[in-house]
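>>> Structure here, sequence nowhere to be found:
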């Protein structure tokens, strides 16, 4: 990884972090209290099973030009998802962060409109994430089943987002990308942010080609954007050189105006400090123009989530 001594010699533009999380050790974030711990590709997450509030996030970003951030739902009590938006709003009133909030809503719920309206009473609310990752391999499913995108009831909830001016954070595996492309193609007014660089978890040639083909399919839909993030979560020994090809190919496929850098903190804190992530992004894009870097580090996220900063 980049050494701390390089902080002053690598220019980092203003940052609008497009994807991070906050939580506390109460009964609302139920996954933190799982006993035994949940086993999945993230690995041993005991180190982050502690309070991580806005003040902790700002401590991790200290010294960096952070101007805005987007909080993405962190598995708050599913019976009270609006409670997370309310809790985050209180954090933001005290610290200024997060700037935007992506909450949770089960889009197949019969009461999804009422739930979205309740979220939208909070001015920082921008959209929802309903995690759709589904795979037959153990530890790779966040969704309860793999049929959401083909369900008429779920698709009805998805269509409602655009009508309400809300965005959808899409979290899927590469083998779900073609189905997702069909979904987006049938909802041209949707605003979609693909999470975590499309999850290129398997790095053999066939798996990377599957990822590449899926990314190109999704990029063919002009209303799909992508967050370049979560790469440490997928490669626990990452370096700037190891993620460079994925970062650059993602930018080539989607273009700088549809790519946004993000930290995925504190999940990626398991494998890096915050500054190292953004120093790596800066190192990888050192040959880009100042305007292109401004889009990647902040502009795209500010526009997509209407952050007003």
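Great, that's in hand. Keep in mind that this is a model prediction, so the values were computed, not measured.

>>> which secondary structure elements does whichever strand or helix holds residue 209 contact?
Counting by DSSP states H and E, the element that carries residue 209 is helix 205-219. Applying 3 or more C-beta pairs under 8 Å, 6 or more residues apart in numbering; DSSP states H and E, one finds that helix 205-219 contacts helix 177-185, strand 224-228, helix 240-254. (Glycine included, C-beta is placed from N, CA and C.)

>>> got the buried residues for the longest one?
In this case it means helix 240-254. By 16 or more other C-beta atoms under 10 Å, the buried positions in helix 240-254 come out as 240, 243, 246, 247, 249, 250, 251, 253, 254.

>>> Same list (the residues you listed) but as JSON lines, adding distance to residue 280 and pLDDT.
Shown next, in JSON lines, are the buried residues of helix 240-254 (distance: C-beta to C-beta, whole Å; pLDDT from 0 to 100):
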{"residue": "240", "distance to residue 280": "4", "pLDDT": "97"}
{"residue": "243", "distance to residue 280": "7", "pLDDT": "97"}
{"residue": "246", "distance to residue 280": "12", "pLDDT": "98"}
{"residue": "247", "distance to residue 280": "8", "pLDDT": "98"}
{"residue": "249", "distance to residue 280": "15", "pLDDT": "98"}
{"residue": "250", "distance to residue 280": "14", "pLDDT": "98"}
{"residue": "251", "distance to residue 280": "14", "pLDDT": "98"}
{"residue": "253", "distance to residue 280": "19", "pLDDT": "98"}
{"residue": "254", "distance to residue 280": "19", "pLDDT": "98"}
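
>>> Closest to residue 44 out of these?
residue 243 (21.4 Å; C-beta to C-beta).

>>> Does the closest one touch residue 230 like I think?
No - the pair residue 243 / residue 230 is not scored as a contact, 10.4 Å apart, by C-beta atoms under 8 Å.

>>> Give me the number of neighbouring residues for residue 189.
Around residue 189 there are 10 other residues, counting by other C-beta atoms under 10 Å.

>>> That one: what's it in contact with?
162, 223 (C-beta atoms under 8 Å, 6 or more residues apart in numbering).

>>> go again using 6 Å as the cut-off
Going by C-beta atoms under 6 Å, 6 or more residues apart in numbering, residue 189 touches residue 162.

>>> any idea what it is structurally, helix, strand or coil?
Here residue 189 is recorded as coil under DSSP: H, G, I helix; E, B strand; the rest coil.

>>> State the distance from it to residue 252.
The gap separating residue 189 from residue 252 is 27 Å, by C-beta to C-beta, to the nearest Å.

>>> Residue 188: neighbouring residues, count only.
Neighbours of residue 188 (other C-beta under 10 Å): 10.

>>> next one: residue 163
10.

>>> Next one, pLDDT for it please.
Looking at residue 163, its pLDDT stands at 96.

>>> Give me the neighbour count for the nearest residue to residue 226 once chain neighbours are set aside.
Nearest residue to residue 226 in three dimensions, chain neighbours excluded: residue 194, at 4.4 Å (C-beta to C-beta, 6 or more residues apart in numbering). Taking other C-beta under 10 Å as the criterion, the count of residues near residue 194 is 28.

>>> next one: the one 10 residues further on
For residue 204, the count of nearby residues is 8 (other C-beta under 10 Å).

>>> Now do it against residue 242, distance only.
To residue 242, residue 204 is 15 Å away according to C-beta to C-beta.

>>> cool, and residue 202?
With C-beta to C-beta as the criterion, residue 202 and residue 242 are 14 Å apart.

>>> Let's verify residue 68: helix, strand, or coil?
strand.
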